[in-house]
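Peer 1: from the sequence below, what's the structure:
(one chain, ligands or ions: 1)
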Amino acid sequence: MGKLYTGETPQEVLECNLKLEMEALPLLHEAIACCEECQDYVSRDLLEGTLKDEEEHVDWLKSQLGLNKELGLDKYLQTQI
Ligand SMILES: [Fe+2]
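Peer 2: Next comes the predicted model:
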């Protein structure tokens, strides 16, 4: 089982989510390479879709962390309503 990350503040929650995503990316790359090696192209295609989604999540989380830093917590939270 993987580690469980929890945050007490919005900043910490975003950081924990980003940390988890960053751990998943190399595992997905490894799994895709493994599928390619054993010619399991259906699983490879599924994992590539998951990888694309996770990369988008990383971008989103980085954007949110940047906004939080730029705006400050109160204004950042107002953008989330
Ligand atoms: Fe994700």
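
Peer 1: what residues sit buried inside the longest helix anywhere in the chain?
Peer 2: As assigned by DSSP state H, the longest helix anywhere in the chain is helix 41-71. Under the neighbour-count criterion of 16 or more other C-beta atoms under 10 Å, helix 41-71 has 44, 47-48, 51, 54, 57-58, 61, 64-65, 68 buried. In short, each C-beta sits where N, CA and C put it, glycine included.

Peer 1: so where is this structure shaky, pLDDT-wise?
Peer 2: Low-confidence segments of the chain (pLDDT under 70): none present.

Peer 1: got the residues of it near the ion?
Peer 2: Applying C-beta under 5 Å from the ion, one finds that the chain approaches the ion through 54, 57.

Peer 1: give the contact list for the closest residue to the ion within the chain.
Peer 2: Closest contact between the chain and the ion, by C-beta to the ion, is at residue 57 (3.6 Å). Residue 57 makes contact with 17, 21, according to C-beta atoms under 8 Å, 6 or more residues apart in numbering.

Peer 1: and the gap between it and residue 17?
Peer 2: 8 Å (C-beta to C-beta, to the nearest Å).

Peer 1: quick test: name the residue nearest the centre of this structure.
Peer 2: residue 21 (3.1 Å; C-alpha atoms, centre = their mean).

Peer 1: give me every residue that touches that one.
Peer 2: Applying C-beta under 8 Å, 6+ apart, the residues contacting residue 21 are 54, 57-58, 61.

Peer 1: quick check, nearest of these to residue 10?
Peer 2: Nearest to residue 10 out of the contacts of residue 21 is residue 61 (C-beta to C-beta; 11.6 Å).

Peer 1: brilliant, that's me finished.
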